[in-house]
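Enquirer: Give me a 3D structure for the following:
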Amino acid sequence: MGCDILVDGYNVIKNNEPFRSAQKHSLEYARTLLVKQLNSRYRHTPYQVTVVFDGDSVHEQTLHEQRVRIVYSRRGETADRVITRLAAQSREAGREVVTISDDLEVRHSVSGSGGAVRSTDRLIHHLNAPPPDVARKFRHRQQAIRTYGLNPALKDRDDDVLYSSSRKGKKAPRRRK
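Expert: This next block holds a predicted model:
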């Protein structure tokens, strides 16, 4: 069983400051920034990420940008409807669905079909969070500083020489004070 993440693209752009600022440059720039950040965050995960935008073409358009599928709705169909349809298709296929939107209609229709919904603020927090290994190292350093008053990042390099020399049966060099 896999997991599909469906992102209401323009909803994320209009409800979060980093993307609103990018939109001042151009809407295309804001869309590109969102897709790049989604690619960066989910590139090494098993999730299938789809970002949906309102389109103006006669037919629905689907593009792929690395790991992110980009869908533009057809003229006369909202991105909200496309998200609802994609969520239902994923649930029918036995996949988990997580939808990112602050739109109450989208949230209600997706949760009604068994999908999970998340706020755009939560997505922004997730996009800006450090990778798990970096966060773990940071927590370890903070704990070492609190407990011992030490910073493991500033480890004394002479200790490495002391320990490696003493293991070889050689006398360890004296440290100058």
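Enquirer: per-domain residue ranges of this structure.
Expert: Using automatic domain parsing, the domains assigned to the chain come out as 3-128, 132-167.
Enquirer: which one of those has the lowest average pLDDT?
Expert: Note on the domains of the chain: lowest mean pLDDT is at domain 132-167, with a mean of 67.
Enquirer: picking that back up, same list (the domains of the chain) but as JSON lines, adding mean neighbour count.
Expert: C-beta coordinates here come from the backbone N, C-alpha and C atoms, glycine included. Converted to JSON lines, these look like this (neighbours: other C-beta atoms under 10 Å):
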{"stretch": "domain 3-128", "mean neighbour count": "17"}
{"stretch": "domain 132-167", "mean neighbour count": "11"}
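Enquirer: and P130, how far is that from L104?
Expert: With the distance defined as C-beta to C-beta, to the nearest Å, P130 ends up 32 Å from L104.
Enquirer: Helices of this structure, start to end?
Expert: 9-15, 17-25, 27-42, 79-92, 104-112, 120-128, 132-148, 157-167 (DSSP state H).
Enquirer: the inter-axis angle of the lengthiest strand in the chain versus helix 79-92?
Expert: Secondary structure assigned by DSSP state E gives strand 48-57 as the longest strand of the chain. Calculated by axes from the mean of the first three to the mean of the last three C-alpha atoms, to 10 degrees, strand 48-57 forms an angle of 140 degrees with helix 79-92.
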